[in-house]
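Q: no sequence on this one, just coordinates:
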């Protein structure tokens, strides 16, 4: 959370945040592409799915970190898995729940 705040005022932090976000989204996109190649995921745009999932995870993680009683980590996980299933047109295992 601090990197986002610092990135507003500091150019080098802004660039570091961008690199980290790009790497995070790229990893998610690669997972989607791998799933599409294996036939496990539908034909959604991997970069769009990655952006939405990374943003959802980031936003909910802030709420979990701040101890929002409406967003316990179990609810966060369920919401992220549900959205991933919808976006990737698949059913994910829920072993972590």
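A: Ah, there it is. This is a predicted model, so every value here is computed, not measured. Numbers count the residues shown, from 1 in each chain.
Q: where does pLDDT dip in the chain?
A: The chain contains residues with pLDDT under 70 at 93-97.
Q: once you drop chain neighbours, what's closest to the most centrally placed residue in it?
A: The C-alpha lying nearest the average C-alpha coordinate of the chain belongs to residue 54 (CA atoms, centre = their mean; 2.3 Å). Closest residue to residue 54 apart from its sequence neighbours, by CB to CB, 6 or more residues apart in numbering: residue 25 at 5.0 Å. Placement of C-beta: from N, CA and C, glycine included.
Q: secondary structure element for the one you found?
A: Secondary structure from DSSP states H and E places residue 25 in helix 11-37.
Q: residue 75 too?
A: Assigned by DSSP H and E, residue 75 belongs to helix 73-88.
Q: and that helix, what does it pack against?
A: If you count contacts as 3 or more CB pairs under 8 Å, 6 or more residues apart in numbering; DSSP states H and E, helix 73-88 packs onto helix 46-65.
Q: report all helices and strands that the helix it packs on contacts.
A: Contacts defined by 3+ CB pairs under 8 Å, 6+ apart place helix 46-65 against helix 11-37, helix 73-88.
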